[in-house]
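Colleague: sequence first, then the predicted structure, then my questions.
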Amino acid sequence: MFAKPLMFLSSYAPLFAIVAIRVQSLPVRVACVVLAMAGVGALATILTLDRRSARAQSTIVSVRNAGAEAASYLAGYLLPFLMVTEPTVLDVIAYVLFIGVVGVVTIKTGVIQVNPLLFIFGYSILRVEDGTGAEFYVLSRRRLRPGVELYTTSLSNDVRVDRQP
């Protein structure tokens, strides 16, 4: 239930860090640093709690990199370079609304698994089809290929974490 909102927060932690570097307003800078740290903490919490979940076993039939999803996702990272360094209250409201809209779209669509922090921490994001014909995203630190036995825990219906035994 909380996995997708926490994944969203964690996926924008680097963005908040960039904004914190870019803005001159101390309250906005502090808020962005707090949000960046909360995002890193959210990802750590999700991956730690998920580790305790039951593991599903499947055999990989096909695997491909989820790079196309990542490319479209990164458009939101242009925000810090388009924003003013001394934002007014209305500017801050507009930025918060923008992040809110991005959050709703991200949580409701299939890009929640695209998360720069995962890449930074050594994970790959892969689209996998298993022997039953099911397709899902797998967050993995190892190279996956057809024929590999996969043990996963579920972050959501279509996002799983590789938990090799």
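Modeller: Nice, thanks for sending it over. Numbering: from 1, shown residues only.
Colleague: so which residue is dead centre in this protein?
Modeller: Nearest to the mean C-alpha position of the chain, by C-alpha atoms, centre = their mean, lies residue 115 at 2.8 Å.
Colleague: identify the residues contacting it.
Modeller: By C-beta atoms under 8 Å, 6 or more residues apart in numbering, the contact set of residue 115 is 7, 10, 11, 43, 125. Bear in mind the C-beta positions are built from the backbone N, C-alpha and C, glycine included.
Colleague: turn those into JSON lines, including secondary structure and pLDDT.
Modeller: Shown next, in JSON lines, are the contacts of residue 115 (DSSP: H, G, I helix; E, B strand; the rest coil; pLDDT from 0 to 100):
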{"residue": "7", "secondary structure": "helix", "pLDDT": "88"}
{"residue": "10", "secondary structure": "helix", "pLDDT": "92"}
{"residue": "11", "secondary structure": "helix", "pLDDT": "89"}
{"residue": "43", "secondary structure": "helix", "pLDDT": "93"}
{"residue": "125", "secondary structure": "strand", "pLDDT": "87"}
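Colleague: which outside residues touch the longest strand along the chain?
Modeller: Looking across the chain with DSSP state E, the single longest strand is strand 56-65. The contact list for strand 56-65 (C-beta under 8 Å, 6+ apart) reads 124-132, 134, 138, 144-154, 160.
Colleague: quick check: mean pLDDT of it?
Modeller: Averaging pLDDT along strand 56-65 yields 90.
Colleague: check which residues of it are buried.
Modeller: For strand 56-65, the neighbour count (16 or more other C-beta atoms under 10 Å) marks 58, 60, 63 as buried.
Colleague: which one of these is nearest to residue 92?
Modeller: residue 63 (42.4 Å; C-beta to C-beta).
Colleague: that closest one and residue 155, how far apart?
Modeller: Residue 63 is 18 Å from residue 155, where distance means C-beta to C-beta, to the nearest Å.
Colleague: can I get stretch 5-15 as CSV, trimmed to CA atoms?
Modeller: What follows is stretch 5-15, C-alpha atoms only, in CSV (Å, rounded to 0.1, in the frame of the first residue of the first chain):
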residue,chain,number,x,y,z
PRO,A,5,4.4,6.5,-2.7
LEU,A,6,7.6,5.7,-1.0
MET,A,7,9.2,4.6,-4.3
PHE,A,8,8.1,7.9,-5.8
LEU,A,9,9.6,9.9,-2.9
SER,A,10,12.9,7.9,-3.2
SER,A,11,13.0,8.3,-7.0
TYR,A,12,13.0,12.1,-6.7
ALA,A,13,15.6,12.3,-3.9
PRO,A,14,18.3,13.2,-6.3
LEU,A,15,16.1,15.9,-7.8
